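Colleague: For reference, the sequence and a predicted model appear below.
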Amino acid sequence: MSSFKTVSLLVLLAYLTANPALADEVRIKDLGHFLGWRENALVGYGIVIGLGGSGDSPRSAVTRQALTNVLSRFGANLSADQIQSRNVAAVMITATLPPSSNIGDKIDATVSSIGDARSLAGGTLLMTPLLGPDQHPHALAQGAIVVGGYRFDSNQNVEQKNYPTSGIVSGGATVETPVRADLRDKGQDLVFVLNEPDFTTAQRIADRIDTILGIGAAEVLGADRVSTRAPAADAALYRLVSRIENLEVTPQTLSRVVINERSGTVVAGGDTQISSVVISQGDIRVSVSIDNQAPFQPQFGGYGQSEGRGGGHSLVVTNTKLEVTEPDRNIVVRFPSTTVADLVEGLQRVHVDTRGVINVLQAIKAAGSLHAELIVQ
């Protein structure tokens, strides 16, 4: 993207965020979640088979013991010392259980090697129970592993892409225990939690809920929580949740300026104000070029190898040229008290590129004239 297009995009984003009247209202459900509506972590330990020589080495006692236990369930009584296969790997399986799930629902499982396996590509995960924090199995995982990489070894040559010791079993975990989220805080209240704590936004949410439930129905408990009396019946509770989360409010936007120095992107949000400031933007360019030459020097050993004869080397001479270019005049711009949008638009008119805009904003923040949080990524 050219500097002109990047700066033009910044002007548009800053102008829209600096004028709340132009911003659309946002659904309450997009600003946070109800207390109790959370995902649940699952973990399990198992083995992967069918790896074609890229599994754990025979010195991995954990893998041999795990494979011995599996085979014993099918009547094959072998000791751990009798198992020398490299087609098996010990793995840990992780998954995330949704806040509400039913028996038979499918979820993804992530499989990661815990031994010295070189790759899990082409492997199949054997049936593994996935445990929750309560140490009870909530899902069973099994299936073919999809690995977004590879590793091939031949005669001490290695070709590898990404990390093939971790993969995903898409939809390979089946929920065995249903989950129901409890949305009642202490059995009485329905609490909405904001993703970005802000007292103004919380009060606007409470006022919006009051418009449908009556004055005083909602109470602000802090910058991040709004409480409402929960109905006793589950059906009435779910109906209330549906009504609340689809209400629309205008959130209070925080004044922030985000700078990504790697990509040269600047995004300004909220009513980002700038006090009166004078900007002098100079530009000095330094260019260093190196020219290596190897002329024929008979006094340093006769003909060099570059001449097709043995016996000596030519003397390498390095010539360095330094050039400093400075423009005829600097750019001096005076701005009254304004917003970031007006500042960027003014800098665009005098042809300051994106990197220059970043440097100007950092200098204004250091001078105390930028009334916003400056975030450099």
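Modeller: Great, that's in hand. Numbers count the residues shown, from 1 in each chain.
Colleague: C-alpha from now on. contacts and neighbour counts both.
Modeller: Will do.
Colleague: which intervals of the chain have sub-threshold pLDDT?
Modeller: Under the criterion pLDDT under 70, the flagged ranges of the chain are 1-23, 149-162, 187, 261, 264, 269-271, 277-337, 350.
Colleague: domains of it?
Modeller: 1-22+253-283+327-377, 24-35+182-249, 40-175 (automatic domain parsing).
Colleague: I'd like the ones you listed as TSV, with mean neighbour count appended.
Modeller: What follows is those, written out as TSV (neighbours: other C-alpha atoms under 10 Å):
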stretch	mean neighbour count
domain 1-22+253-283+327-377	16
domain 24-35+182-249	17
domain 40-175	18
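Colleague: Give the phi and psi angles for the closest residue to residue 32 other than its chain neighbours, as a check.
Modeller: Take residue 32 and drop its neighbours on the chain: the residue closest to it by C-alpha to C-alpha, 6 or more residues apart in numbering is residue 194, 4.3 Å away. Note on residue 194: its backbone torsions stand at phi -80, psi 140 [degrees, to the nearest 10].
Colleague: Could I get the contacting residues of residue 194?
Modeller: Counting by C-alpha atoms under 8 Å, 6 or more residues apart in numbering, residue 194 touches 31, 32, 33, 202, 223, 224, 225.
Colleague: Compute the distance between it and residue 223, please.
Modeller: 8 Å (C-alpha to C-alpha, to the nearest Å).
Colleague: How about residue 267?
Modeller: 25 Å.
Colleague: Over to residue 128?
Modeller: Applying C-alpha to C-alpha to residue 128 and residue 223 gives a distance of 43 Å.
Colleague: And for residue 135?
Modeller: For residue 135 relative to residue 223 (C-alpha to C-alpha), the value is 35 Å.
Colleague: With residue 365 instead?
Modeller: 27 Å.
Colleague: And residue 168, by the same measure?
Modeller: 39 Å.
Colleague: Likewise for residue 71?
Modeller: Taking C-alpha to C-alpha, one finds residue 71 at 57 Å from residue 223.
Colleague: Likewise for residue 112?
Modeller: 40 Å.
Colleague: go on, residue 29?
Modeller: 16 Å.
Colleague: for residue 108, same thing?
Modeller: For residue 108, the distance to residue 223 - C-alpha to C-alpha - is 35 Å.
Colleague: Residue 27 too?
Modeller: Distance from residue 27 to residue 223, by C-alpha to C-alpha: 18 Å.
Colleague: Provide the contact partners of stretch 135-146 at residue level.
Modeller: Outside stretch 135-146, the residues that reach it (C-alpha under 8 Å, 6+ apart) are 42, 109, 111, 120-132, 167-170, 172-178.
Colleague: In strands, which of these fall?
Modeller: 42, 109, 111, 124-131, 167-170, 172-175 (DSSP state E).
Colleague: can you pull the contacts of residue 107?
Modeller: Per C-alpha under 8 Å, 6+ apart, neighbours of residue 107: 95, 96, 97, 170, 171, 172, 173, 174, 175.
Colleague: Check residue 245 too.
Modeller: Counting by C-alpha under 8 Å, 6+ apart, residue 245 has contacts 27, 28, 29.
Colleague: Look up phi and psi at it.
Modeller: phi -70, psi -20.
Colleague: Equivalent analysis for residue 165, please.
Modeller: phi -90, psi 10.
Colleague: what's the distance between it and residue 364?
Modeller: 48 Å.
Colleague: Would you map the strands across the stretch 51-200 of the chain?
Modeller: Per DSSP state E, counting those that start in this stretch, the stretch 51-200 of the chain carries strands over the ranges 89-97, 106-113, 124-131, 137-144, 150-154, 157-161, 166-175, 184-185, 189-194.
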